[in-house]
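K.L.:
Show me the folded form of this:
(2 chains)
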Amino acid sequence: MPAPIPLYQGTALLNKEASKKYGLDTYLPSPNLVKAVQLAQLLKRPLLIKGEPGCGKSRLAEAVAAELFGENFRDYYFEWHVKSSSKAQHGLYSINHLQRLSDANIKSDNAKNLEISLDKDANGNYNSRGKYIELGALGQAFQLSNQPGLISAPVVLIDEVDKADIDFPNDLLLELDRMEFSIPEAKDADGNTITIRANKEFRPLFIITSNDEKPLPPAFLRRCMFHYIDFEEIQLPEIVKSNYADLTDALIKDSVTNFKYWRKKIAERGTSNKNISTSELLDWIKLINFYTPLGTEKINMEEDGVPIYHQALLKDVESIQIFAKKDTMDKPA
Amino acid sequence: MTEPILYHLYNEMREDKQWISPGLDEYYLLFDLFETGYPVKTFDDFAFIIETIWLKSHHQKQKLRDLLELRRKMILQFVASLATDGPAQKTQVDEQVKEPATTTDPKLPDVVLKPADENNAKPVTDKLPDISLEEDTAYGNTRFSISQHNSSKASVLKFETAKETILPLQQIPYLFTNDYFPIQSRHMQQAWRTLKNKQEGEDGPDLDIDKTIDHTAKQGYFSSLEYEKRILNQLQLFIFLDQSESMIAVEEFGKELCSSAFASDLHAHAIPWYFYQLPQKNENGDYLFTNEDWTESASLRTLLFNLNKKNIVILIYSDAGALRNCNETARLKETIDFIKVLNKRTAYIAWLNPAPKNRWKGNNAERISAELPMFETERRDLENAVAALKGKLAY
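P.N.:
Coordinates of the predicted model:
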């Protein structure tokens, strides 16, 4: 009987001290987010995460990897930050044509070997880098899943998948389904086309984030598990406390209450298309922490109706105008 | 035997075109999950699993919750039997229908909905065994429990009072942008870019650097430059805009639809053609459209002349009488005749209606919406309209 899969519990980065050993910031996932990751692990399916910008979508993958693999998690964790110009193949492999062209033009008496090739390691797995070729994030994760003694599946972050062309997700369907791809340009030592194949037992765990800028194709969605990080689920006081343990509970409570009130105000006025997020809350608290003497219980959170240090919170003119105007909403108790 | 709840839910979601309906693969995934022994001990556990595996958009979450609430009793029985039997035993799972049919079983539980009670918002179901499974399991330390439920006469459900939550910005239907439209221009362009049937044409003027380098590297010397192939969209988009008085307040949106289609680089010929209330019919039985200032006109036959039927897509932007609550039978008949003529030329027609759906009821818009896919003017609606223009079922 196969050993039980170690499932993500969301406990590795609960405080600064614990997270320091991973070189990461603290990360407190909601119970539902933890369960969604567990389901993706059990069913070996990619997990698509959506939510407002700044709610912690992109940081989930490294938090999962840190918990599953410990301090050396970076050896088992791969990031692919998608850009508007990204192509699906960039995540699989890339070929250095310029170097090859340059080598072809260097005058030398020696017979030139301009073959694109990828060697194997002692275990018979392809290396992640070869002659004129380098595997991308997906390719490296596929390869690593074949490593003997692996305790858990490698973790791959495909960040902001909606940034790329609308065909991009569809171009990855086969690779995500079969967990393998071929490199027609490259040959192995026997002259065969190279195929990079993941270990079925340790299919990499894909965590894919989207800001919902573009609709994703149904065929792609069908292959993914889905979780939306609801702002109401985010444990704001706990997150603030885990980052700034020196702040008093009263000040944290007051800050978070005001933050939620401002957030509600921006949403209800509807004049700004950007609301304040968790990451901006943490920036703002950082300023409070810096300017406030240790042990302070209460400070004025607004000056002339505008949040203090609003530069960390309000990023557009419309938001600032909301607070600059006479306030008619009920303030928090 | 417990009713096969998964089977019911699956078929209901499949039949409702508003979902991205789950595929068979996702249906089987649930069985795979139950067989791993993952703890499913409460109604919320079950709902969460369905949401994560079957749902693909948070917009549909509340709708799914409502659907599950209607099946609460069946779900609780299913969950209880899973817990009683233990995860390793597959008794309950095996009783589920593994091959879902295409039609829904008509034998659904009778439910009576009562208004929510503020003090007693918990759903009341049949008496269930007290389940308290607090010990840590192999899969995580998240603890679940079901306390004793108040029993009452069966099949009476009370919904919990909806918690007041702030809508995420994406859910606010009308964004206050500079141009006040319900959809931003870039989102319109994104939608239009999905409306395509591309085919490679001749070489274009742009240099393809990657291909040139690749070609040179393969040969070992430089011989020629490689150019990018022109990719041409075969689809011909026509946008017909209503210039009636009732459309004056919303006509700019129609123009924006055209300019965003033009700016998408895929619909360079998407110029707007206008009509007043209904395209005028000439003596030849052809319909006439004009430009915005009525200085130029074109007949439907001229516009669609020599075009492949499969490549013609038509979007109509009009309130269909909804804004004035128009009930004129003659107008309705004429409109349906016009749609029939359009249908002879193409199967890909969609209608965007600036009036909200609740204003369609009881007037011509409701009847017309039965003839062809009609949508409101939010972002998802335009995406759905484009899906309909591609011949795909809208969801």
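K.L.:
Now do the domain split for the chain, please.
P.N.:
Since you didn't name a chain, this refers to chain A. Listed domain ranges for chain A are A:16-231, A:235-324 (source: automatic domain parsing).
K.L.:
Hmm, no, I was thinking of chain B.
P.N.:
B:5-165, B:185-197+B:234-389.
K.L.:
Identify whichever of those domains lies nearest to chain A.
P.N.:
Nearest to chain A among the domains of chain B is domain B:5-165 (3.6 Å), distances taken as C-beta to the nearest C-beta. From N, CA and C alone the C-beta is placed, and that goes for glycine too.
K.L.:
Show the average pLDDT along that closest one.
P.N.:
Mean pLDDT, taken over the full extent of domain B:5-165, equals 61.
K.L.:
just to revisit the earlier point, buried deepest among the domains of chain A, which one?
P.N.:
Here the criterion is mean neighbour count by mean count of other C-beta atoms under 10 Å in any protein chain shown, and of the domains of chain A the winner is domain A:16-231, at a mean of 18.
K.L.:
can you tell if it touches chain B?
P.N.:
Yes - applying C-beta under 8 Å from any C-beta of the partner chain, one finds that domain A:16-231 is in contact with chain B at A:31-32, A:34-36, A:38-39, A:42-43, A:45, A:48, A:50, A:52, A:97-98, A:100-101, A:104-105, A:114, A:166, A:212-215, A:218, A:221-222, A:224-228, A:230-231.
K.L.:
From start to finish, how long is that domain in a straight line?
P.N.:
23 Å (C-alpha to C-alpha, to the nearest Å).
K.L.:
Distance from that domain to the middle of the chain?
P.N.:
Offset of domain A:16-231 from its chain centre (C-alpha atoms, centre = their mean, to the nearest Å): 12 Å.
K.L.:
With stretch B:191-203 instead?
P.N.:
Stretch B:191-203 sits 23 Å away from the centroid of its parent chain (C-alpha atoms, centre = their mean).
K.L.:
cool, and stretch B:188-204?
P.N.:
22 Å.
K.L.:
Let me see the mean pLDDT of that stretch.
P.N.:
Mean predicted lDDT for stretch B:188-204 stands at 82.
K.L.:
One more: stretch A:28-38?
P.N.:
Stretch A:28-38 comes out at a mean pLDDT of 93.
K.L.:
Could you pull out the helices in chain B for me?
P.N.:
B:5-15, B:24-36, B:43-54, B:61-70, B:72-85, B:91-95, B:185-193, B:209-219, B:251-263, B:300-304, B:329-345, B:364-369, B:379-389 (DSSP state H).
K.L.:
Among the residues of domain A:16-231 next to chain B, which lie within helices?
P.N.:
A:31-32, A:34-36, A:38-39, A:42-43, A:97-98, A:100-101, A:104-105, A:218, A:221-222.
K.L.:
Show me what from the stretch 201-350 of chain B comes close to chain A.
P.N.:
B:210, B:213-214, B:216-217, B:220-221.
K.L.:
got a pLDDT number for the residue in the stretch 101-250 of chain A that chain B sits nearest to?
P.N.:
Residue nearest to chain B within the stretch 101-250 of chain A (C-beta to the nearest C-beta): A:Tyr228, separated by 3.6 Å. A:Tyr228 is assigned a pLDDT of 92 by the prediction.
K.L.:
Leaving out sequence neighbours, find the closest residue to it.
P.N.:
Nearest residue to A:Tyr228, sequence neighbours excluded (C-beta to C-beta, 6 or more residues apart in numbering or on different chains): B:His58, at 3.6 Å.
K.L.:
Among the residues of the stretch 201-350 of chain B next to chain A, which one is most surrounded by other residues?
P.N.:
B:Ala217 (24 neighbours; other C-beta atoms under 10 Å in any protein chain shown).
K.L.:
Could you pull up the residues touching it?
P.N.:
Counting by C-beta atoms under 8 Å, 6 or more residues apart in numbering or on different chains, B:Ala217 makes contact with A:97, A:100-101, A:104, A:114.
K.L.:
try 10 Å
P.N.:
B:Ala217 makes contacts with A:95-104, A:114, A:116, A:132, A:185, as judged by C-beta atoms under 10 Å, 6 or more residues apart in numbering or on different chains.
K.L.:
what do you get for B:Ile75?
P.N.:
Neighbours of B:Ile75 in contact, by C-beta under 10 Å, 6+ apart: B:2, B:5-6, B:9, B:40, B:42-43, B:45-47, B:50, B:68-69, B:125.
K.L.:
do that again at 7 Å, thanks
P.N.:
B:5, B:43, B:46, B:68 (C-beta atoms under 7 Å, 6 or more residues apart in numbering or on different chains).
K.L.:
what does B:Gly391 give?
P.N.:
Counted by C-beta under 7 Å, 6+ apart, B:Gly391 has contacts B:347-348.
K.L.:
Helix, strand, or coil at the residue nearest the centre of chain A?
P.N.:
Taking C-alpha atoms, centre = their mean, the centroid of chain A lies closest to A:Ser58, which sits 2.5 Å from it. The local conformation at A:Ser58, judged by DSSP: H, G, I helix; E, B strand; the rest coil, is helix.
K.L.:
now, the most widely separated pair of the contacts of B:Ala217?
P.N.:
The span of these, defined through C-beta to C-beta, is set by A:Ser102 and A:Glu185 at 17.3 Å.
K.L.:
For A:Gly136, give its distance to A:Val82.
P.N.:
Counting by C-beta to C-beta, to the nearest Å, the gap from A:Gly136 to A:Val82 is 12 Å.
K.L.:
oh, I was asking about B:Leu195
P.N.:
According to C-beta to C-beta, B:Leu195 stands 23 Å off from A:Val82.
K.L.:
what's the burial count for the residue nearest to A:Tyr228?
P.N.:
19.
K.L.:
Quick one: mean pLDDT over stretch B:355-373.
P.N.:
The model assigns stretch B:355-373 a mean pLDDT of 91.
K.L.:
Which residues outside it are in contact with it?
P.N.:
Contacts for stretch B:355-373 (C-beta under 7 Å, 6+ apart): B:319-323, B:325-327, B:331-332, B:335-336, B:339, B:349-351, B:353, B:374, B:376, B:385, B:388, B:394.
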